[in-house]
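Trainee: Everything below, folded, please.
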Amino acid sequence: MATIAGVVYADGATDRHSEPVEALDVTLNYGKIRYVSDSYTIPAADELGTSALINFFKIPKGARVIEMKVTAPVDGGSPATGQLDIGWLDSVEVDSTGTVLEAADADGFFTGAQADFGNGALARLAMAASRPGYRKKFAAEVQVQAACIEASTSSSSAAILLEAWMVVE
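Mentor: Now for the predicted structure:
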C-alpha cells in the first residue's frame, strides 16, 4: 500500500525537527474563528419587492468563510413567495491596474432557490459546499448583500438573520 500525505503533512508542519519551507496559511490551520451576525426586520406594513437589497455585514480582507447560515420567517402570504440571492459586492480595493480585488458574486453564498422562505421558514439553513463562497479566502473586504429575487407577500415584522463563521489571522 502506498503512503500518502495530507496537505499539512506535505507542507512540513508535522515534522517537529525541521522548519517548514513555507509558512502555512493560518486560515487553513490554527487560525482564529470569528463569528458575525446581522439581521433585518421587515417593517410591519411592508413586504420585500424584487428591487429590495439588504446590506448585511462586511467580510474583512484575508478572512476565509467556513460557514454561513440564514434564518428567515415563513412568508405566510397567498401565494407563498419570497426568495433571496445572498452574495457579495465588488470590493472597494483595487489592484495597480484598477481591477477590483474581489469581483461581485450576487449569489455566492445562497441562491434564491436555496434561500426560499416562501415555501416555509428557514431555520439556520447552512450554505452548501458547492457555493463559491464556501471556504473562500477574500483578497479584499467585501459587503455582504441579499437581493430579493422573488417578492415576499406578507412577512411583516419578522426578521431575516444572517450568520457567518470565518477564520482570520
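Trainee: Show me what the helix or strand where residue 123 lies is in contact with.
Mentor: According to DSSP states H and E, residue 123 maps onto strand 122-126. Defining contact as C-beta atoms under 8 Å, 6 or more residues apart in numbering, one finds that strand 122-126 is touched by 67-72, 110, 114-116, 163. The C-beta positions use only the backbone N, C-alpha and C, and glycine is treated the same way.
Trainee: what's the following helix or strand after that strand?
Mentor: Later in the chain than strand 122-126, the nearest helix or strand by DSSP H and E is strand 142-150.
Trainee: immediately after that following strand, which helix or strand?
Mentor: Moving toward the C-terminus from strand 142-150, the next helix or strand (DSSP H and E) is strand 159-168.
Trainee: Spatially, which residue comes closest to residue 66, not counting chain neighbours?
Mentor: Of all residues not flanking residue 66 in the chain, residue 165 sits nearest, at 5.4 Å (C-beta to C-beta, 6 or more residues apart in numbering).
Trainee: tell me which residues form a beta bridge with residue 72?
Mentor: residue 122 (DSSP bridges).
Trainee: wait, isn't it in contact with residue 86?
Mentor: No. With contacts counted by C-beta atoms under 8 Å, residue 72 stays clear of residue 86, the gap being 10.3 Å.
Trainee: circling back to that earlier point, could you pull out the buried residues of the strand holding residue 123?
Mentor: For strand 122-126, a neighbour-count test (16 or more other C-beta atoms under 10 Å) marks 122, 125 as buried.
Trainee: could you give the angle of that strand to strand 159-168?
Mentor: Inter-element angle recorded for strand 122-126 and strand 159-168: 20 degrees (by axes from the mean of the first three to the mean of the last three C-alpha atoms, to 10 degrees).
Trainee: show me where pLDDT drops low in the protein?
Mentor: Along the chain, the parts satisfying pLDDT under 70 run over 1-24, 26, 44-47, 74-81, 118-119, 151-157.
Trainee: Okay, domains of it per the record?
Mentor: Domain ranges of the chain: 1-30, 32-168, per automatic domain parsing.
Trainee: Identify, out of the ones you listed, the most deeply packed stretch.
Mentor: Highest mean neighbour count among the domains of the chain (mean count of other C-beta atoms under 10 Å): domain 32-168, with a mean of 17.
Trainee: what about that one, start to end distance?
Mentor: Using C-alpha to C-alpha, to the nearest Å, the span of domain 32-168 from its first residue to its last is 5 Å.
Trainee: residues making contact with stretch 127-134?
Mentor: 65, 67-69, 87-88, 105, 107-111, 114.
Trainee: starting at the chain centroid, how far to that stretch?
Mentor: Its chain's C-alpha centre and that of stretch 127-134 lie 8 Å apart, by C-alpha atoms, centre = their mean, to the nearest Å.
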